[in-house]
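Engineer: sharing a model that was predicted from the sequence below.
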Amino acid sequence: MLRYLLGFTAALTLTLLTGPFLIKKLRELKFGQNVRSDGPESHLVKQGIPSMGGIMFLASASIAALAASSFDPDVMLIVITMLLFGGIGFADDYLKIKKKSSDGLSAKQKMGLLIGSGIIVALIYDGLSGGRTDIRIPFSGTGIDIGVFFIPFVVLLFASVTNAVNLTDGIDGLSSSVTIVVILFYMATGYRTGMDDAILFGACLTGGLLGFLNFNRYPARVFMGDTGSLALGGAVGILAIFTGHELILILVGIIYVVETLSVAIQVIYFKRTGKRFFRMAPLHHHFEKLGWKEKKVVAVFTAITVVAAVAAYILA
């Protein structure tokens, strides 16, 4: 328990201490957000707010987790996974800033990198786990062996979760708040199954995210960017794998799911009818267009995640 507390405190403190310096540097480098002109009008004031702020919690959580675990191999893989996907996000953010637009990596480039990274992590995990090939069926108490399909399953999981978390990161504090709850769920399931490494890393990342929220809550002074959102997707994915609760993420990460579905529905409906199903997608922007304040969207979406996480923990 002391290790978890120390890791949490170290990550929180590091983020709070380095945050102001990083924000200042990002401003000096003109690494600012490029806001979509077709987005909510309230977002136009966000133009130029520093992006790539995810570096804060990536660095603090990684340092704290590695130090507290004495570079345990499992923790190292979890950290590497987060940094690997964060690196893809960093490249995407950098290109957006360089182009001075909201377009970074192309969809094909990003998906290719996400799939490639997923394959790397899946193969390393395969070696560490001794060739695990089973997945747990939620609420049944049983699992199924999917054999050679386990690695493709892991790759698909990473590609899905990273994109879903990325879509959720659209208003001040939303992705951080929702993901903290998801991480706490996996810490709780890790405690239930004796996965100390998952608990330790979760504690460190939670500390880093809480520190980041100090700068990212409304009105945000910095955004995590794809650097942060893709890293969080990777972190959530690897925690789901290590704790053996991959499929239940559909319930725990219900906000991720509905945000992704809202985009898919919007695209399909528009192609068929020439009209929009939602006022704007992802879903959080739809509610903004309806007049909801950012704080309300964050509060409601986070509360829904809490209810889903508690239900999943009780039923799992």
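Structural biologist: That came through, no problem. Since we're looking at a predicted model, the values are computed, not measured.

Engineer: show the average pLDDT along the helix or strand Leu26 falls within.
Structural biologist: Assigning secondary structure by DSSP states H and E places Leu26 in helix 2-28. Throughout helix 2-28, pLDDT has a mean value of 96.

Engineer: now for the very next helix or strand once past it, which elements pack on it?
Structural biologist: Downstream of helix 2-28, the next assigned helix or strand under DSSP H and E is helix 55-68. With contacts taken as 3 or more C-beta pairs under 8 Å, 6 or more residues apart in numbering; DSSP states H and E, helix 55-68 sits against helix 2-28, helix 73-99, helix 196-216, helix 225-243. In this view, the C-beta of every residue, glycine as well, is placed from N, C-alpha and C.

Engineer: I'd say Asn216 and Ser229 touch.
Structural biologist: No. Asn216 is not in contact with Ser229 according to C-beta atoms under 8 Å; the separation is 11.5 Å.

Engineer: where exactly do the strands run in the stretch 101-250 of the chain?
Structural biologist: 134-137, 142-145 (DSSP state E, counting those that start in this stretch).

Engineer: state the distance from the spatially most central residue of the chain to Leu5.
Structural biologist: Computing the C-alpha centroid of the chain and ranking residues by C-alpha atoms, centre = their mean puts Leu232 first, at 2.7 Å. Counting by C-beta to C-beta, to the nearest Å, the separation of Leu232 from Leu5 is 22 Å.

Engineer: before we move on, the earlier item: report the buried residues of the helix holding Leu26.
Structural biologist: Across helix 2-28, burial judged by 16 or more other C-beta atoms under 10 Å covers 4, 6-8, 10-12, 14-16, 18-19, 22-23, 26.

Engineer: what's the spacing between the residue located most distally from the centre of the chain and Glu259?
Structural biologist: Distance to the chain centre peaks in the chain at Thr273, reaching 32.7 Å (criterion: C-alpha atoms, centre = their mean). The gap separating Thr273 from Glu259 is 22 Å, by C-beta to C-beta.

Engineer: go on, Ile49?
Structural biologist: 21 Å.

Engineer: for the closest residue to Lys96 other than its chain neighbours, what are its contacts?
Structural biologist: Setting aside the residues directly before and after it, Lys96 is nearest to Gly104 in space (C-beta to C-beta, 6 or more residues apart in numbering), at 4.1 Å. By C-beta atoms under 8 Å, 6 or more residues apart in numbering, Gly104 lies in contact with Ala91, Asp92, Asp93, Tyr94, Leu95, Lys96, Lys110, Asp226.

Engineer: give me phi/psi at Gly104?
Structural biologist: For Gly104, the backbone dihedrals are phi -110, psi -110 (criterion: degrees, to the nearest 10).

Engineer: list the buried ones in stretch 110-119?
Structural biologist: Neighbour-count burial for stretch 110-119 [16+ other C-beta under 10 Å]: Lys110, Leu113, Leu114, Ser117, Gly118.

Engineer: which of Ile49 and Glu259 has more neighbours?
Structural biologist: Glu259 (27 against 20; other C-beta atoms under 10 Å).

Engineer: which residues does the strand or helix carrying that one contact?
Structural biologist: For Glu259, the host element (DSSP H and E) is helix 254-273. Helix 254-273 is contacted by residues 160-161, 163-165, 167-168, 178, 249-250, 275-278, 281-284, 286, 301, 304-305, 308 when judged by C-beta under 8 Å, 6+ apart.

Engineer: try it again at 6 Å.
Structural biologist: By C-beta atoms under 6 Å, 6 or more residues apart in numbering, the residues outside helix 254-273 that reach it are 164, 167-168, 178, 276-278, 281-283, 301, 305, 308.

Engineer: so who does Leu232 touch?
Structural biologist: Val165, Thr179.
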